[in-house]
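S.K.: build me a structure from this.
(chains A and B)
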2 protein chains.
Amino acid sequence: MAGKSSRRRFLEATAALSGALTSCQRAEGPEEEGPRRIGKPLRAYGERSEFEKSVRALPTTKILEVGQSYTPLAEIYGIITPSALHYERHHSGVPTIDPATHRLLIHGMVERPLIFTMDDLRRLPSVSRVCFIECAGNTHLGYGARDAPTVQLSHGLVSCSEWTGVSLSLLLSEAGVQPGAKWILAEGADAAKMQRSIPLEKAMNDIIVAYGQNGEALRPEQGYPLRLVIPGWEGNVNVKWLRRLKVTDQPYMTRDETAKYTDLMPDGTARQFTFVMEAKSVVTFPSGGQKLRAPGFYEITGLAWSGRGRIERVEISTDGGGTWQDAGLSEPRLPMALTRFRLPWRWDGREAVVQSRATDETGYVQPTHEALVAARGPHYEYHNNCIRPWRVLADGSVTDVAG
Amino acid sequence: MAGKSSRRRFLEATAALSGALTSCQRAEGPEEEGPRRIGKPLRAYGERSEFEKSVRALPTTKILEVGQSYTPLAEIYGIITPSALHYERHHSGVPTIDPATHRLLIHGMVERPLIFTMDDLRRLPSVSRVCFIECAGNTHLGYGARDAPTVQLSHGLVSCSEWTGVSLSLLLSEAGVQPGAKWILAEGADAAKMQRSIPLEKAMNDIIVAYGQNGEALRPEQGYPLRLVIPGWEGNVNVKWLRRLKVTDQPYMTRDETAKYTDLMPDGTARQFTFVMEAKSVVTFPSGGQKLRAPGFYEITGLAWSGRGRIERVEISTDGGGTWQDAGLSEPRLPMALTRFRLPWRWDGREAVVQSRATDETGYVQPTHEALVAARGPHYEYHNNCIRPWRVLADGSVTDVAG
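M.R.: Numbering: from 1, shown residues only, chains lettered A, B, ... in the order given. Now for the predicted structure:
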C-alpha cells in the first residue's frame, strides 16, 4: 500500500517536470562533427576513463596502515558500489594473501574439525546476495551527524556489493556443531588478528563465507581471498581475511567487543554486541560541498538501508522537517541492501534545509539527532543512524546545518 | 508454481550433499600461524589482487581497433559482470571523449530540437536498472554452438551491469515528437559513426540514455560518457558514445541493419530488425577447458537470460538430454538480467554430457541446435540461442561435443 501510494506521488511529481527543462539548449541544426580518429584497441582488462577522478577519502594522518577510507557517496550511481571505491577499514594494513596457500580452519565445539582450501570452498554449493556493509562508526556523533562538510565524510563508511560464497551454515553442519555451543569466534589473517564473537543462531541463518564481490574475487581491501558477510550487521563483525572459526559456548570478549564497538550509556552501563544496523538514509544530492547552478528543477537523490530487512518508505523534507513527501524507491528493493531513492524538486532559489527519513519493513522509523541523543546520552559513538539535514544557501552552495 | 517446485527439488539435492564433503581435510588442531607483518596502506582507488588473472579473450588478429573481446564467464561470480571484464565490441576503436564537451542532439521530427550537455542529463530524473547486453553474434553458428573450446569463446559476448541514466521517453517528450514519427536513428561518436534505427514504440517504453555502469561512470569500452541501454535487445542497437538521436518516419537502412545484423533464411528472404534476444542459458561449470580433479560432489552452475522478461526455469541434463532436473535460481531474478542457476551434482567418474535449458516467463523454451538449424537453415549467423552441451571425459577434462 505504502509502495503504491509512494509510486503514484512520485509519478505526479515527475509529470510536473514536463516542459520545464530550462537548462538544455535549443538546437539550430545538427552539431558540427569533429574529425574522425581511430580509437583505442580492445584490451584484456578495462580501466575507467582518464576523465573520472572519484576517489575514496583518506584520513589526514600520516600512517595509512590503520584507519578507514570513505566511499564518495555523492559521486556514485544506483545501488552497487564500485569495488574500487568500497570503503576500507582495517587495523594493521591490507595483508597480501596467496589463495593457493590460504586455509580456513573450523574447530572448537565440533564433531569434525575441518580445514578448507580455497579450491575446496569454490567446489561447494554457492550463494550470491546483494547487501550493504556499514561500519558501526559511520556518521560519528558530533562529526557526521550534523557538521561534516560532505556526505562522503559523514556517511561514506557504507557500501553495497553482490557477494558470492558458501553458506556458513553448510560448513558448520559438515563440521557437526556439538550440543551446548552458542557462539563462534571468527579470526582474520591480518597482522592485528581481528577477532569477533558471533551468536551461533545468526551463523546458522544467513552468514556467507564469501570469496566473490561484484562478479570478481574479493578485492584485497575487502578481505581477499575470504571474508564473512553478515547481512545487516555492523561491518566490524564481517571479519576479513578469514582464517579461523572456533565454535564455543560463550563470547570471547575480544578487544573489538569490549574496548571498542561498545557504547557507554547515560546510566553507566555499556551497550555491547549491538550488531544490527538500524534503518538509515541520507540525501547525496544536494549534499555538502555541492553547488546548485541556478534555481530550477533538480532531482533529490540518496540512499537508504536497514539491517532488519527491506526499505519500505523514504520521505523527503526540503523545509527543515516541517513537511514531508514520499520519494520514489528504485527497484529492486532488496533486504539489507542499499536502496536508491529519488524525488524531482524545483528549487526556488531560497534557503532550504533538505533531509530524508527512512522506514523499514518492520515499521521502524529513522530517528532525529535529538531523539538519539536523548535516548543514548552524549557519550555514545557507534550506530548513529539519525536523520542528516543539509542546508542549501541562496547562492546555491550546500553546507552542514551545525554552523 | 514452477518456482516453488524448482526450489523444493533444489533443497532436496542440497540435502543429499550433507556429509559428503570428501575433499576437505580433517584438522588435527589449530593451524600454524605465520609471522605477523603490517599490510598495505589505505588507498584512494582500489585494484584487484595481484593473484587474480582473469581477462577478456582478445581476437588473434593483429588489428585490435576493430573486433570483440569476450567476458570470462567461467571465472565470474553472481550476476553482475565486473566492468573491467564486460565484453567489448566496436568497429573503429574506443574513442576518447571529454565529457565536458560532449553533447547529445535530439532532432528530426520533433517540435523543439534540443542539445544536452552531460551536466544537463545528470540533473534530470534518473533511473537505474540491472540488465544484460548481448551481442547478436554471440555463439556463432558453427563456432560456439557446439565446438568452441571454452564458454568464454562460445558465450562471452554477454555481460550484465547496473545501468543508470535518463529515460529516453522523458527526453523525447521534452523535444515533442511530431505526428507520423515511427523510428529514431541513434548515432555514436566513434570514428565508424555507428548508426542504428530503433522503433519509436520501444524508445517511448524502457530505453535508458545511460551515463552510469555498476555505480561509476560508463567505462570507455561501454560508451563513455553516454550510451543507449535497450533492455533485452541485441547489443548492436545499444549505441555507444551516443551523440545524436534523430526522430524519423522510417528506418534508415544503415550498414549495420542491412549488410550486417540480418540473416539469410532458407527461402531467400532476410530476417531484419531481429532485435529481441530470446531465452538462452549456458553451463559455466563444468565447461570446456576445465578439469574435474576426481569423482565426487560439484556444483553445476551457469547463467540464463531472456530479452522477453524473467527467467522462470532452468533445467539441467547430465546425460546428453535424456533426463532433466530443475536447477535452483538465485534471487533476485530480474527481467532482462542474467540469472544465476546452481545444482549440486555428484560426478561418478564416467563420461557425461552436461547442458542447460532455460524457460522464460512467456513460456518460451530454449531450443536445441538441431531445431534452430531446421528452422533457419545453414546460413544464419545471429541470434543463436541454442542449448550448449559440454562433454566431461572419464579423466575429468571437459571439452566440446562436436569432435
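S.K.: I figured residue A:280 was touching residue A:357, is that so?
M.R.: No - with contacts counted by CB atoms under 8 Å, residue A:280 stays clear of residue A:357, the gap being 9.9 Å. The C-beta positions use only the backbone N, C-alpha and C, and glycine is treated the same way.
S.K.: give me the common contacts of these two.
M.R.: Common neighbours of residue A:280 and residue A:357 (criterion: CB atoms under 8 Å, 6 or more residues apart in numbering or on different chains): residue A:366.
S.K.: mind checking which of the two has more residues around it?
M.R.: A direct count of neighbours by other CB atoms under 10 Å in any protein chain shown for residue A:280 and residue A:357 places residue A:280 higher, at 29 against 22.
S.K.: which one of the residues in the stretch 301-403 of chain A is closest to chain B?
M.R.: residue A:332 (4.8 Å; CB to the nearest CB).
S.K.: and the contacts of stretch A:341-351?
M.R.: In contact with stretch A:341-351 (CB under 8 Å, 6+ apart) are residues A:10, A:13-14, A:16-17, A:20, A:281, A:292, A:294-304, A:314, A:316, A:318, A:325-330, A:356, A:391-394, B:125-126.
S.K.: show me the shaky parts of the stretch 101-250 of chain A.
M.R.: A:141-143 (pLDDT under 70).
S.K.: measure residue A:252 to residue A:115 for me?
M.R.: Separation of residue A:252 from residue A:115 (CB to CB, to the nearest Å): 21 Å.
S.K.: ok, back up a step: mind giving me the PyMOL command for buried ones among the contacts of stretch A:341-351?
M.R.: Buried residues among these (16 or more other CB atoms under 10 Å in any protein chain shown), as a PyMOL selection:
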select buried, (chain A and resi 10+13+14+17+281+292+296+297+298+299+300+301+302+303+304+314+316+318+326+327+328+329+330+356+391+392) or (chain B and resi 125+126)
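S.K.: per-domain residue ranges of chain A.
M.R.: A:83-266, A:280-399 (automatic domain parsing).
S.K.: off-centre distance for the first one?
M.R.: What it means is domain A:83-266. 14 Å (CA atoms, centre = their mean, to the nearest Å).
S.K.: strands of the stretch 251-400 of chain A, residue ranges please.
M.R.: Using DSSP state E, counting those that start in this stretch, the strands of the stretch 251-400 of chain A run over A:263-264, A:270-271, A:280-285, A:296-305, A:311-317, A:325-326, A:328-329, A:339-347, A:352-360, A:390-392, A:398-399.
S.K.: least reliable of those strands going by mean pLDDT?
M.R.: Among these, strand A:263-264 carries the lowest mean pLDDT, a mean of 83.
S.K.: quick check: residue A:250 touching residue A:182?
M.R.: Yes - using CB under 8 Å, residue A:250 is in contact with residue A:182, at 6.8 Å.
S.K.: quick one: which of these two has more around it?
M.R.: Shown here are residue A:250 and residue A:182; by other CB under 10 Å, residue A:182 has more neighbours (15 against 10).
S.K.: so residue A:291 bridges to which residues?
M.R.: Legend: beta-bridge partners of residue A:291 under DSSP bridges are residue A:397.
S.K.: the one 10 residues further on too?
M.R.: Residues in a beta bridge with residue A:301, per DSSP bridges, are residue A:285, residue A:342.
S.K.: try residue A:208
M.R.: Beta-bridge partners, per DSSP bridges, of residue A:208: residue A:167, residue A:229.
S.K.: quick one, what contacts it?
M.R.: Residue A:208 neighbours (CB under 8 Å, 6+ apart): A:127, A:129, A:163-168, A:228-229, A:231.
S.K.: now the residues you listed in a markdown table, with neighbour count?
M.R.: Output for these, formatted as a markdown table (neighbours: other CB atoms under 10 Å in any protein chain shown):
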| residue | neighbour count |
| --- | --- |
| A:127 | 22 |
| A:129 | 22 |
| A:163 | 27 |
| A:164 | 28 |
| A:165 | 26 |
| A:166 | 24 |
| A:167 | 20 |
| A:168 | 25 |
| A:228 | 25 |
| A:229 | 28 |
| A:231 | 23 |
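S.K.: and residue A:351, how far from residue A:345?
M.R.: To residue A:345, residue A:351 is 14 Å away according to CB to CB.
S.K.: between the two, which is the more surrounded one?
M.R.: Per other CB under 10 Å, whichever of residue A:351 and residue A:345 has more neighbours is residue A:345, with 22 against 11.
S.K.: so residue A:242 touches residue A:188, yeah?
M.R.: Yes - Residue A:242 lies in contact with residue A:188 (CB under 8 Å); the separation is 6.1 Å.
S.K.: between these two, what contacts are shared?
M.R.: residue A:223.
S.K.: rewinding a little: which of the contacts of residue A:208 sit farthest apart?
M.R.: A:166 and A:231 (14.7 Å; CB to CB).
S.K.: what is the residue in the stretch 201-350 of chain A that chain B sits nearest to paired to in the beta sheet?
M.R.: Nearest residue of the stretch 201-350 of chain A to chain B: residue A:212, at 3.3 Å (CB to the nearest CB). Counting by DSSP bridges, residue A:212 forms beta bridges with residue A:164, residue A:217.
S.K.: so it versus residue B:59, what's the distance?
M.R.: Counting by CB to CB, the gap from residue A:212 to residue B:59 is 28 Å.
S.K.: neighbour-wise, which of these two wins?
M.R.: residue A:212 (23 against 13).
S.K.: ok, that one - contacts?
M.R.: Residue A:212 touches A:128, A:162-165, A:218, B:77-78, counting by CB under 8 Å, 6+ apart.
S.K.: rerun at 7 Å
M.R.: Residue A:212 is in contact with A:163-165, A:218, B:77-78, counting by CB atoms under 7 Å, 6 or more residues apart in numbering or on different chains.
S.K.: same thing with residue A:213?
M.R.: A:83, A:161, A:163, A:219, A:222.
S.K.: residue A:334 too?
M.R.: Contacts of residue A:334 (CB under 7 Å, 6+ apart): A:130, B:332.
S.K.: now do the phi/psi pair for it.
M.R.: phi -100, psi 140 (degrees, to the nearest 10).
S.K.: can you give me the pLDDT of it?
M.R.: Listed pLDDT for residue A:334 reads 98.
S.K.: how near is the nearest residue to residue A:364 once chain neighbours are set aside to residue A:232?
M.R.: With sequence-adjacent residues excluded and distances taken as CB to CB, 6 or more residues apart in numbering or on different chains, residue A:364 is closest to residue A:279, at 5.1 Å. Taking CB to CB as the measure, residue A:279 falls 10 Å from residue A:232.
S.K.: before we move on, what about residue A:61?
M.R.: Taken as CB to CB, the span from residue A:61 to residue A:232 is 30 Å.
S.K.: looking at these two, which is more packed in?
M.R.: Remark: of residue A:61 and residue A:232, residue A:232 carries more neighbours, 22 against 9, as counted by other CB under 10 Å.
S.K.: distance check, that one against residue A:238.
M.R.: Residue A:232 is 10 Å from residue A:238, by CB to CB.
S.K.: could you pull out the helices for chain A?
M.R.: A:2-17, A:118-123, A:151-155, A:168-175, A:200-203, A:369-376 (DSSP state H).
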